[in-house]
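>>> Sharing a model that was predicted from the sequence below.
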Amino acid sequence: MTEKFDLLVIHLREIREVTEMTGSVVEFASTESAYLEMPPIYLNRGVVFKSVGKCSVSLVEVTRDTRLTQDTVKMKRLVGYCGLILAFLLSCTEQAQEQRKAVFSQGTDCTQIKVRSPKASSGVYVIKPPGVKTPFKVYCEMRPDGGWMVFQRRIGEAVSFNRKWAAYKNGFGNLTGDHWLGLKRIFFLTKQKTKKWTMRVDLWDHEGGSAFAEYTNFKLGNEKAAFKLHVGKYRGTAGDAIRGAYPGIDQNGYGFSTSDRDNDGCSPCIFGDIAEMKCSSRRSGGWWYSRCGSASLNGDWHPGGDHIGWASGLYWQTWKTPLYSVKATRMMIKSV
């Protein structure tokens, strides 16, 4: 059992004495708080102050068995800690206010952010599409033709893309570097009936060249449909690898495949004298494989000088030869 104690509660704007409070934790009335890493401070009448989590500071009562008294720590130590805590909390308050301002200026997608702020620069933003309960971060590529949301980027070997269904569904990597945003998030964005989406694929080779492919009416199906890919009209300089370099390998209308979720249509697929049951095993990484097909940008990244001859590279076979693994890729969408 614990007794009622006089607790010293440190608020953001003042230090106030609160009397006759019980319970295991006393929280700040203000929504602004901080995360503190410091030893416990022992106050008078057997009360312990310590941090208990991110952005929350609490006062925890001590039971009789701890046998702490006000002689445990001298008052000058308490006063010093209180000053440090108050300064830290005020700093945290200012940062939280700046963060709220930034979030308030952002929108439902990168296109809307660019319309609201024409001079906005490329970078990480927080968006909240209609129907999504929790906002999430995305990388927005701010171009003269609008704000594009990047959902795939390959620039090196820092992040492995040889992952299973759950990882591709939820996303992985670093938004400012190699990453996959997540099929679930792309689905929630593109399912909006009030908007249509354009997908752009940017490609860079190892010799300094580049090419692009754009598709109108981009959207994904839900998870029950294996996040089926749908694209409309093509334009660009890289060729329409989604629909394939030859008949019978059109990836448009196919579900997403990973090593543990096969939707590629192979039973098996025959490549010369090689029979493949799973394209993800041969190509490495998840993709909308259609009997493997001509596009696959989530395979293994290969550096210059070692980028030819691999079956598991980053391929766009209407631009480069079948076993040429490109240097860098970027896939992004914008609403129109």
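Thanks, I have the structure now.

>>> drop to CA atoms for contacts and neighbour counts, all remaining ones
OK.

>>> What's the separation between Q317 and Q192?
As judged by CA to CA, to the nearest Å, Q317 and Q192 stand 32 Å apart.

>>> what about these two, which has more around it?
Using other CA atoms under 10 Å as the criterion, Q317 and Q192 rank with Q317 on top: 22 against 14.

>>> Not counting its neighbours along the chain, what's nearest that one?
S294 (5.2 Å; CA to CA, 6 or more residues apart in numbering).

>>> for Y289, same thing?
Closest residue in space to Y289, ignoring its immediate chain neighbours: D264 at 4.9 Å, by CA to CA, 6+ apart.

>>> That neighbour contacts R283, doesn't it?
No. At 11.8 Å, D264 does not count as touching R283 under the criterion of CA atoms under 8 Å.

>>> dump the residue contacts of the residue nearest to Y289.
By CA atoms under 8 Å, 6 or more residues apart in numbering, the contact set of D264 is 254-257, 278-279, 288-292.

>>> Identify, from those residues, the entry nearest to R153.
Checking the contacts of D264 against R153 by CA to CA gives W288 as the nearest, at 16.5 Å.

>>> which residue packs closest to that closest one, ignoring adjacent ones?
F256 (4.3 Å).

>>> mind pulling up the phi and psi values for the one you found?
In terms of degrees, to the nearest 10, the main-chain angles of F256 are phi -80, psi 140.

>>> ditto for R116
Phi and psi for R116, reported as degrees, to the nearest 10, are phi -70, psi -40.

>>> One more: K224?
Residue torsions, per degrees, to the nearest 10, at K224 are phi -60, psi -30.

>>> Now for I155: which residues touch it?
I155 makes contacts with 177-178, 327-329, as judged by CA under 8 Å, 6+ apart.

>>> try T329
T329 neighbours (CA under 8 Å, 6+ apart): 152-155, 201-204, 297.

>>> possible to save those residues as TSV with pLDDT?
Below are the contacts of T329 laid out as TSV (pLDDT from 0 to 100):
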residue	pLDDT
Q152	98
R153	98
R154	98
I155	97
V201	98
D202	98
L203	98
W204	98
L297	97
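
>>> If you rank these by neighbours, which is first?
Within the contacts of T329, most neighbours by other CA under 10 Å means L297, with 28 neighbours.

>>> ok, now how distant is the closest residue to it other than its chain neighbours from C140?
Once flanking residues are discounted, L297 sits nearest to L314: 4.4 Å by CA to CA, 6+ apart. Applying CA to CA, the value for L314 to C140 is 23 Å.

>>> ranges for the helices of the stretch 51-200 of the chain?
Using DSSP state H, counting those that start in this stretch, the helices of the stretch 51-200 of the chain run over 75-104, 110-116, 165-170, 183-190.

>>> What are the buried residues along the third one?
The one in question is helix 165-170. Neighbour-count burial for helix 165-170 flags 165, 167-169 (criterion: 16 or more other CA atoms under 10 Å).

>>> on that earlier part again, what touches both of D264 and R283?
The contact lists of D264 and R283 share C292, where a contact means CA under 8 Å, 6+ apart.

>>> one step back: which of the contacts of D264 lies closest to N222?
Nearest member of the contacts of D264 to N222, counting by CA to CA, is G255, at 9.7 Å.
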